[in-house]
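Novice: I need the structure of the sequence given here:
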Amino acid sequence: MTDLTRDHVGLSDTYASRRYFRKFEGIMRHMLDVAGVLRAEGRLNDDEVEILTRYAVKLTHTFRALGFKYLLAGRETGRFFGSLTMDSRDSGFPVAEEIMKMANDAQQAASHLDGMVSVEGLKDQMVQTILGDRQIPTKLQFSLSQRLYYEELAKGDLFWVQNDPQSQWLGNVEDRRRQFRLHWATYDSQVNLPVIYLMELEDTGKIGLPKDQRRWPEVQAHLAAQALGGLKLLTIAKGFDEDFDDLHPKRLRRFHLGPMYSDAYTRQAGPLREVLAEAKAPEGQDWALVWTEEELLSDRVIEQKAGWFSTVERQVFALDPFAQARGEDLGATRQERSIILPARVFQVLEEKKPAGFAGVRKFVVSAGGRVLQY
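Specialist: Got it, this is the predicted structure:
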């Protein structure tokens with residue numbers, strides 16, 4: 001058995017922890033810029049960009065909340081509260097257990113806030129401690145950070161380990177044949193990465209899927225249970241197609257956000273580690289984020305017998321013929337890897353030209369924050 005926690009490290013230094021969260025807030029902003037580039041290319045439409053933006057915003061809120069929780073990491077606060085645990089080898093992201101703990105805290109956020117001094121009251125006490133006692137109000141700073149943490153949780157709109165499927169009506173193909181787009185997301189506990197799913201389907205049921213009190217909860221539970229990064233898209237789509245006779249998946253996509261590489265925080269193997277080390281980029285620019293998109297398309301429909309007198313539609317999905325020729329089993333129609341990185345890191349990547357990056361799309365963040373594509 002492999003011990004998945006052996007590469008989990010705690011950020012116990014105050015300034016390292018704060019830089020880590022600032023880095024991720026910037027990366028999330030750049031992801032939105034990349035989504036804008038893909039929309040301009042016609043790779044994503046407005047609705048899809050809005051969905052991806054919504055999840056990026058949820059991730060930003062999650063990192064902000066964790067940033068408040070661990071704002072005083074490494075400082076003597078009079079109370080042991082630990083430090084952020086991150087996956088330094090596989091993902092560069094916080095471990096899934098951090099998100100699980102935060103979900104538990106969110107359930108009790110209101111009661112915690114009721115028993116805490118207000119932000120204004122804590123600030124007044126801090127001023128009195130500084131001016132009257134001539135001391136650094138570390139314990140009050142900690143209380144304020146926890147107050148802000150629970151306030152952020154109380155606002156909601158956070159990215160959880162399981163973000164349940166939601167639906168969007170796309171129109172009707174014909175009478176009693178509706179089109180929907182479903183989207184959901186998970187924080188994969190095996191690799192500690194956020195993963196976003198989009199599925200377009202046709203519904204031939206008597207009642208539209210979101211309003212069907214029988215099918216909709218079943219669909220949500222089914223998709224949530226199958227949202228595992230280790231499962232191929234073909235496995236997920238075929239299982240869905242076979243379990244729901246009147247729901248016909250036509251397109252399934254999966255976006256893996258990460259890993260995040262950073263010379264200051266991660267220990268991943270491979271050429272990117274060498275590139276980052278050689279770039280010696282300043283604070284806030286020593287990172288690279290991998291973005292992988294998988295897509296599975298229905299190629300055609302066949303009819304299968306269901307009982308004595310009826311038939312049901314089944315999808316035949318198109319698989320990437322080039323991957324099959326290379327002996328790879330992607331379980332998808334296509335897979336595309338991209339990487340988002342600052343300009344200085346990109347310059348070193350271009351100079352070294354490591355193997356395996358020729359076919360990877362590069363989204364380069366300039367000094368002014370503009371995203372360029374190479």
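Novice: mind checking the SS state of residue 183?
Specialist: strand (DSSP: H, G, I helix; E, B strand; the rest coil).
Novice: so it touches residue 51, yeah?
Specialist: Yes. The pair formed by residue 183 and residue 51 meets the contact definition of C-beta atoms under 8 Å, at 5.0 Å. C-beta coordinates here come from the backbone N, C-alpha and C atoms, glycine included.
Novice: any shared contact partners between the two?
Specialist: 168, 196, 198 (C-beta atoms under 8 Å, 6 or more residues apart in numbering).
Novice: Identify the residues contacting the strand or helix carrying the first one?
Specialist: It refers to residue 168. Following DSSP states H and E, one finds residue 168 within strand 162-174. Strand 162-174 has contacts (C-beta under 8 Å, 6+ apart) with 47, 51, 55, 58, 178-187, 200, 202, 208-210, 216, 219-220, 223-224, 227.
Novice: what's the answer for stretch 210-224, then?
Specialist: Under C-beta under 8 Å, 6+ apart, the answer for stretch 210-224 is 162, 164-165, 167, 169, 180, 182, 184, 186, 197, 199, 205, 207, 209, 239-240, 243-244, 246-247.
Novice: since we're on residue 269, how many residues are nearby?
Specialist: Residues near residue 269, counting by other C-beta atoms under 10 Å, number 8.
Novice: Now do the SS call for it.
Specialist: Look at residue 269: counting by three-state DSSP, its state is coil.
Novice: what separates it from residue 259, distance-wise?
Specialist: Using C-beta to C-beta, to the nearest Å, residue 269 is found at 11 Å from residue 259.
Novice: could you pull out the strands for the stretch 1-150 of the chain?
Specialist: Ranges of strands in the stretch 1-150 of the chain, per DSSP state E, counting those that start in this stretch, are 8-11, 84-87.
Novice: now those strands as TSV including distance to residue 307?
Specialist: Formatted as TSV, the strands of the stretch 1-150 of the chain follow (distance: least, C-beta to C-beta, whole Å):
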stretch	distance to residue 307
strand 8-11	52
strand 84-87	49
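Novice: Pick the most buried one from the ones you listed.
Specialist: Across the strands of the stretch 1-150 of the chain, the average number of neighbours (mean count of other C-beta atoms under 10 Å) peaks for strand 84-87, which reaches a mean of 22.
Novice: Show me what it is packed against.
Specialist: Secondary-structure packing of strand 84-87 (3 or more C-beta pairs under 8 Å, 6 or more residues apart in numbering; DSSP states H and E): strand 8-11, helix 14-41, helix 96-107.
Novice: In JSON lines, list the ones you listed along with distance to residue 234 and mean pLDDT.
Specialist: Output for those, formatted as JSON lines (distance: least, C-beta to C-beta, whole Å; pLDDT from 0 to 100):
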{"stretch": "strand 8-11", "distance to residue 234": "32", "mean pLDDT": "68"}
{"stretch": "helix 14-41", "distance to residue 234": "24", "mean pLDDT": "88"}
{"stretch": "helix 96-107", "distance to residue 234": "25", "mean pLDDT": "96"}
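Novice: Reduced to three states, what does the residue lying closest to residue 226 once chain neighbours are set aside come out as?
Specialist: Closest residue to residue 226 apart from its sequence neighbours, by C-beta to C-beta, 6 or more residues apart in numbering: residue 236 at 4.9 Å. At residue 236 the chain is in helix, as set by three-state DSSP.
Novice: Now do the contacts for residue 236.
Specialist: Per C-beta under 8 Å, 6+ apart, neighbours of residue 236: 226, 227, 252.
Novice: among the residues you listed, who's most crowded?
Specialist: Going by other C-beta under 10 Å, residue 252 tops these with 24 neighbours.
Novice: Where does that residue fall, secondary structure wise?
Specialist: Element membership for residue 252, per DSSP H and E: strand 247-262.
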